[in-house]
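> Build me a model:
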Amino acid sequence: MTLPTPELHTDRLRLRPFSEGDAAPLYALHSDPHVLRYWDSPPWTDPARAQRFLATCRRIEEEGTGARVAVERVSDGAFIGWCGLIDWNPDFRSAVLCYVFDPAAWGHGYATETVHGVLGWAFDTLDLNRVRADVDTRNGASARVLEKLGFVHEGTLREDCVVNGDVSDSWVYGLLRREWRPVGVR
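Residues are numbered from 1 along each chain as shown. Coordinates of the predicted model:
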């Protein structure tokens, strides 16, 4: 069963399927150690890694296990990041949320706007009941994005990741369909 990647529009953003033209900005994003300092894998050092990421996007769509969208600013067409739902389980009606944004896009509400758009699609089109997100405990900005959208902090996974020798904990957040507020961001 496939899960077609949507094209979604918010006030300032276009959320669209990835294209081959996204390889260079995707590599630039994922090779930045500052961007990935709270991520669960080290920065990319091989530009071919972007091609593998794009192939994985196609594969999870074909397998029906997830969808990732490129985030493009409408005003100038700039690629500013991506957002995805992975580990989609139609039996449990659940999925895991993930996102990464370019530092120049931080602090402008783009992550909140993007996740809000993806969640609307997830709850309406995929009929999800639950969305989970894991956040490195040092990443307060990402936790605030989730909390603004109604996610509830459900617990801490102790020493959940080891990246480049650094051991870190992760907060687990969850959002249930009955808690979702589709209009406006609180």
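> Contacts only, for the residue nearest to Tyr99 when sequence neighbours are not counted.
Counting by CB to CB, 6 or more residues apart in numbering, Tyr99 lies nearest to Cys83, which is 4.1 Å off, once chain neighbours are set aside. In short, each C-beta sits where N, CA and C put it, glycine included. Shown here is Cys83, whose contacts under the criterion CB atoms under 8 Å, 6 or more residues apart in numbering are Leu15, Arg68, Val69, Val71, Leu97, Cys98, Tyr99, Ala111, Thr114, Val115, Val118.
> Does the fourth one belong to a helix, a strand or coil?
In other words, Val71. Under DSSP: H, G, I helix; E, B strand; the rest coil, Val71 falls in the strand class.
> show me what contacts it?
Applying CB under 8 Å, 6+ apart, the residues near Val71 are Leu13, Arg14, Leu15, Phe79, Ile80, Gly81, Trp82, Cys83, Phe101, Tyr110, Thr114.
> May I see the buried residues of whichever strand or helix holds Glu61?
Assigned by DSSP states H and E, Glu61 belongs to helix 48-63. By 16 or more other CB atoms under 10 Å, the buried positions in helix 48-63 come out as Arg49, Ala50, Phe53, Leu54, Cys57, Ile60, Glu61.
> how about the strands of the chain, start to end?
8-9, 13-16, 67-73, 79-89, 94-101, 130-136, 152-163, 166-176 (DSSP state E).
> Most tightly packed of those strands?
With neighbours defined as mean count of other CB atoms under 10 Å, those peak in mean count at strand 67-73, which reaches a mean of 23.
> what angle separates that one from strand 79-89?
Counting by axes from the mean of the first three to the mean of the last three CA atoms, to 10 degrees, strand 67-73 lies at 160 degrees to strand 79-89.
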